[in-house]
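Undergrad: I'd like to go over a predicted model; first the sequence, then the structure.
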Amino acid sequence: MSELIRLNLSDALAGLEKGDFSASELTGAYLAAVEEVRPLKAFITETPEKAIDMARASEGRRKKGDAGLLEGVPLAIKDLFCTEGVLTTAGSHILDGYQPVYESTVTANLWKAGAIMLGKANLDEFAMGSSNMTSYHGAVENPWRARGDNRPMVPGGSSGGSASAVAAHAAAAAIGTDTGGSIRQPASFCGIVGMKPTYGRCSRWGIVAFASSLDQAGPMTRTVRDAAIMLRAMAGHDPKDSTSVDRPVPDYAKALTGEVKGLKVGVPKEYRMDDMPGEIDALWQQGIDWLKAAGAEIVDVSLPTTKYALPAYYIVAPAEASSNLARYDGVRYGLREEGRSLDEMYEATRAAGFGQEVKRRVLIGTYVLSAGYYDAYYNKARKVRTRIAEDFAQAYEKVDVLLTPTAPNAAFPVGEMLDDPIRMYLNDVFTVPASMAGLPAISIPAGLSEEGLPLGLQLVGRPFDEETVLRAAGVLEEAAGFDAEPTFLAGRG
Amino acid sequence: MAVDKETVARIAKLARIEVDEAQQEALAGELSNILGWVEQLSELDTEDVRPMTSVVEMSLPLREDEITDGQRAEDIVANAPETSHGFFVVPKVVE
């Protein structure tokens, strides 16, 4: 059955529709793949019994003519989404044993559309990281290795387990969350497609909160078409999230016309950093040439506040995190370390339950919000954020979409950069600005580095214009023809 | 902005995270580095800029103030490390 896992989501749906195979057969093949890729540590929890039951139920619906948008397709779910009765850890020790009594809106939407859960995918602790090395449940490995180098590479982060599972064919697709690049950077590192929709497009209800003004769920898939299909099922208004937007969800796959003639594509000059590796620059130029050849008009634009986006992000995100993570107190869920007083219990629980990077960010956040510093740091960062959003708004008066690299480098070996937080943060230098402005953005695999590791290109669009982003991404994907395979692929035998 | 050990101890207290002496030293260095790096924001003139409050242009939706959920006491304490008769149990607070 191993040939079934080679099918991307769209082709798997077509095969199910035609009756070439059943949801149970497809699920069985993926469950075997999930077992096979265990060395990658892409999953924290596997849910095979649930998957088998869901597959059977899916077959019933299909037989009755009630097939949903994702009927019978097995998915990996980032372990940041609350799933009813299934261990949800956020990659943290402090949520030991936590079994939500409710389902997140996005996963509920997926199940309503007929999708099947294979398990909960590993991630950086509380989605804080760009390498997936901060997970309490172990570092995820990238299925790709550098040429002539047998060291395990990071999958990127924080949605590293989701990216690794999709790249290794251990899931037809996955969902992740993106706060500053946590879908797009791992997609780039693992050679898959990852999309962060506009802030407000998908409900945040039931997603373990990191930085609430930035967090957004999105699809991680093998193709742009798969991302379009997934997003349609995930998105929609939810009264339980007051920032979720009440506007119709288009049929995103219809936007994939393969046509960009006359489309104005902006190239922001501030993204051309002085120390940018030649291969990243070359790939970017290649992307520009591909779109030009397809009839798009390339326009140089300026986003002058770009270099301030990352430092401002490292005020806003930790500030919001320090507030959101106050709920982990040893009282309501997860871990408790005893103490003589209530305060000592809190302090001991949080000392034992949070990892190093989470502590660092909670402390930074507490500091920038504390009396006397609030204006100098937090308000300053919010003003910078306004400037960033204004930069983009001005650019979109002239262009329809922006093209940039996704990340300044390819995947790096597990263990590197851990003791250099700022160097690690720089992984997100190209993804953070769109996050700060709440814009839709996608990463698509566009080529290989000199070491043979995947590199992604990013497209950023206007608010709620996912369709143009997907349309341009489809054309880039076609031109790139990325068909390289990772070193470790399930079902290869 | 350099952060010293005393400042780390103070914010750790505010954040309710126990940090021992040795960690205070290390964290003071790390936090100073990060805050030193974000210091570059002061180069940017933001005098007349309004701080962002909402990243998408929308007004906060209003709804009727009515009960839509409830009677789920068991669910609420289901994941607590220690409970008694439907209550969360914590170390003694009031003598």
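TA: Yep, it's here. Residues are numbered from 1 along each chain as shown, chains lettered A, B, ... in the order given.
Undergrad: and the next element down the chain from the helix or strand hosting A:Val368?
TA: Element membership for A:Val368 (DSSP states H and E) is helix A:356-369. Sequence-wise, the next helix or strand downstream of helix A:356-369 (DSSP H and E) is helix A:380-398.
Undergrad: quick one: that next one near chain B?
TA: Yes - applying CB under 8 Å from any CB of the partner chain, one finds helix A:380-398 touching chain B at A:Lys380, A:Ala381, A:Arg382, A:Lys383, A:Val384, A:Arg385, A:Thr386, A:Arg387, A:Ala389. In short, each C-beta sits where N, CA and C put it, glycine included.
Undergrad: which pair in those spans the largest distance?
TA: The largest separation in the residues of helix A:380-398 next to chain B, counting by CB to CB, is between A:Lys380 and A:Ala389 at 15.3 Å.
Undergrad: those two: who's more crowded?
TA: A:Lys380 (24 against 21; other CB atoms under 10 Å in any protein chain shown).
Undergrad: for residue 81, what are phi and psi?
TA: By default, I'm working from chain A. A:Phe81 adopts backbone torsions of phi -90, psi 130, taken as degrees, to the nearest 10.
Undergrad: and it, what pLDDT?
TA: Note for A:Phe81: predicted pLDDT of 98.
Undergrad: in the sheet, who's paired with it?
TA: Beta-bridge pairing for A:Phe81 (DSSP bridges): A:Ile207.
Undergrad: which residues touch A:Asp300?
TA: A:Gly266, A:Val267, A:Lys269 (CB atoms under 8 Å, 6 or more residues apart in numbering or on different chains).
Undergrad: next: A:Ala174.
TA: A:75-78, A:121, A:159, A:162-163, A:165-166, A:219-221.
Undergrad: same question, B:Glu25
TA: Applying CB under 8 Å, 6+ apart, the residues near B:Glu25 are B:Lys5.
Undergrad: surely it is within a strand?
TA: No - judged by DSSP: H, G, I helix; E, B strand; the rest coil, B:Glu25 forms no part of a strand; its state is helix.
Undergrad: measure it to B:Val8 for me?
TA: Distance, B:Glu25 to B:Val8, by CB to CB, to the nearest Å: 8 Å.
Undergrad: for A:Thr404, same thing?
TA: Distance from A:Thr404 to B:Val8, by CB to CB: 37 Å.
Undergrad: compare these two (neighbour count), which wins?
TA: A:Thr404 (26 against 23).
Undergrad: state the distance from the more buried one to A:Lys269.
TA: From A:Thr404 to A:Lys269 the distance is 11 Å (CB to CB).
Undergrad: same question, A:Gly481
TA: 28 Å.
Undergrad: and the two? Which one has more around it.
TA: A:Lys269 (12 against 9).
Undergrad: host element of A:Met117?
TA: strand A:116-121.
Undergrad: so what strands line up beside that strand?
TA: strand A:43-46 (antiparallel), strand A:74-78 (parallel).
Undergrad: the last one: which residues count as buried?
TA: Within strand A:74-78, the residues scored as buried using 16 or more other CB atoms under 10 Å in any protein chain shown are A:Pro74, A:Leu75, A:Ala76, A:Ile77, A:Lys78.
Undergrad: could you dump these to CSV with pLDDT?
TA: Below are those laid out as CSV (pLDDT from 0 to 100):
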residue, pLDDT
A:Pro74, 98
A:Leu75, 98
A:Ala76, 98
A:Ile77, 98
A:Lys78, 98
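Undergrad: identify, from those residues, the entry nearest to chain B.
TA: For those, the closest approach to chain B (CB to the nearest CB) belongs to A:Ile77, at 18.9 Å.
Undergrad: doesn't A:Thr177 make contact with that closest one?
TA: No - using CB atoms under 8 Å, A:Ile77 is not in contact with A:Thr177; the gap is 10.6 Å.
Undergrad: all strands for the chain, in order.
TA: All of this refers to chain A. Counting by DSSP state E, chain A has strands at residues A:43-46, A:74-78, A:116-121, A:173-178, A:193-196, A:216-221, A:264-268, A:297-301, A:401-405, A:441-448, A:454-461.
Undergrad: wrong chain, I was asking about chain B
TA: Using DSSP E, strands in chain B cover B:83-84, B:87-88.
Undergrad: could you measure from A:Glu344 over to chain B?
TA: Computed as CB to the nearest CB, to the nearest Å, the A:Glu344 to chain B distance reads 8 Å.
Undergrad: what of A:Pro186?
TA: Per CB to the nearest CB, A:Pro186 is found 22 Å from chain B.
Undergrad: how about A:Asn427, nearest residue that isn't a chain neighbour?
TA: Spatial nearest neighbour of A:Asn427, excluding adjacent residues (CB to CB, 6 or more residues apart in numbering or on different chains): A:Ser130 at 3.9 Å.
Undergrad: enumerate every residue touching that neighbour.
TA: So, once contact is read as CB under 8 Å, 6+ apart, A:Ser130 ends up touching A:Asp124, A:Gly156, A:Gly157, A:Ser158, A:Gly181, A:Ser182, A:Gln185, A:Met424, A:Tyr425, A:Asn427, A:Asp428.
Undergrad: redo the residues you listed as TSV? Include pLDDT.
TA: Formatted as TSV, the contacts of A:Ser130 follow (pLDDT from 0 to 100):
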residue	pLDDT
A:Asp124	98
A:Gly156	97
A:Gly157	94
A:Ser158	97
A:Gly181	98
A:Ser182	98
A:Gln185	98
A:Met424	89
A:Tyr425	90
A:Asn427	90
A:Asp428	94
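Undergrad: ok, so of these, who is nearest chain B?
TA: Using CB to the nearest CB, the contacts of A:Ser130 come closest to chain B at A:Tyr425, 8.4 Å.
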